[in-house]
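> When you get a sec, could you give me coordinates for this:
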Amino acid sequence: MSEGCTSCGNKGGCDSRKHGMFGAIDEALARLYPTRRWTERDEAAAFGAGVTAGEGAALARTLASRLKALALHRPGTAEETCDYVYVLCLGRTPSLLERREGLVDRLEDEADVEELYLRVALSTVARFAGVQQVTMRATRGDDGHLVISEAPRTGVFDPVLLKRFQALVAVLAEHDIRHLDFGEILTAPEGYDPADYAERYGGAPAIANYLFFPQPASSVTTVVVT
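Below you'll find the model as predicted:
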């Protein structure tokens, strides 16, 4: 499965939905980047325009109840314009995410563990959400410390995730947050100046980078937990 329409066979409805999505993206980019340059976001236009931390926490509670799974809201970094909700789809609790975030002291079996999540990026500059599947793995370093890696994919692909993904998108709509198909926001917006993005990250910034986070969508992060 690749992320996209959840109403197979309804091409007209899909085309209409995507037309509305792209229209909303174009409007948001024009508002946030009036000079059409990567480094020149209008912070006044961005302030208060996205999903708040309180809304994100409420969304996590709804997802935990509706999907009957661990769902944790976590803030993004200072460089990111999003917060996250992680939904544990394959794995057990306490989870590697809870261990990484310091919510539990240790796990019963910490090394050689792998878990699969749906990770929701909630934009803080527009009422948009993007969903990726994420694999977390834990290994022991040579020094004995626990190493937890987070490897996102550029969308949602595994069939085992389909049911929860569809339910998640429905919950986003209930919370008045527009879901953006991740596969549709991985290209650079036409006519925008990438400024120094290539020097920092390589390539040109995609739509996702303007709306959610600066790093490439499939960037792997590693955290050493003592």
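> can you give me the helices in the chain?
All helices of the chain, identified by DSSP state H, fall at 11-32, 43-46, 53-67, 96-100, 162-174, 197-201, 207-211.
> Tell me which other helices or strands the third one touches.
Spelled out, it's helix 53-67. Where contact means 3 or more C-beta pairs under 8 Å, 6 or more residues apart in numbering; DSSP states H and E, helix 53-67 is packed against strand 71-74, strand 82-90, strand 113-123, helix 162-174. Backbone N, C-alpha and C define where each C-beta goes, glycine included.
> Equivalent analysis for the last one, please.
Taking 3+ C-beta pairs under 8 Å, 6+ apart as contact, the helices and strands that helix 207-211 lies on are helix 11-32, strand 128-140.
> Could you list the low-pLDDT ranges of the protein?
The chain contains residues with pLDDT under 70 at 1-14.
> Can you report how many residues lie near residue 153?
Using other C-beta atoms under 10 Å, residue 153 has 16 other residues around it.
> Now do the same contact list for the residue nearest to the spatial centre of the chain.
Centroid-nearest residue in the chain, with C-alpha atoms, centre = their mean: residue 121, separated by 2.9 Å. Shown in contact with residue 121 (C-beta atoms under 8 Å, 6 or more residues apart in numbering): 76, 82-84, 129-132, 212-213.
> beta partners of it?
Under the criterion DSSP bridges, residue 121 forms beta bridges with residue 84, residue 130.
> For it, give its distance to residue 195.
22 Å (C-beta to C-beta, to the nearest Å).
> Same check on residue 61?
The value you get for residue 61 to residue 195, if C-beta to C-beta is used, is 39 Å.
> One more: residue 130?
In terms of C-beta to C-beta, residue 130 sits 22 Å off from residue 195.
> Of these two, which one has the most company?
residue 130 (26 against 14).
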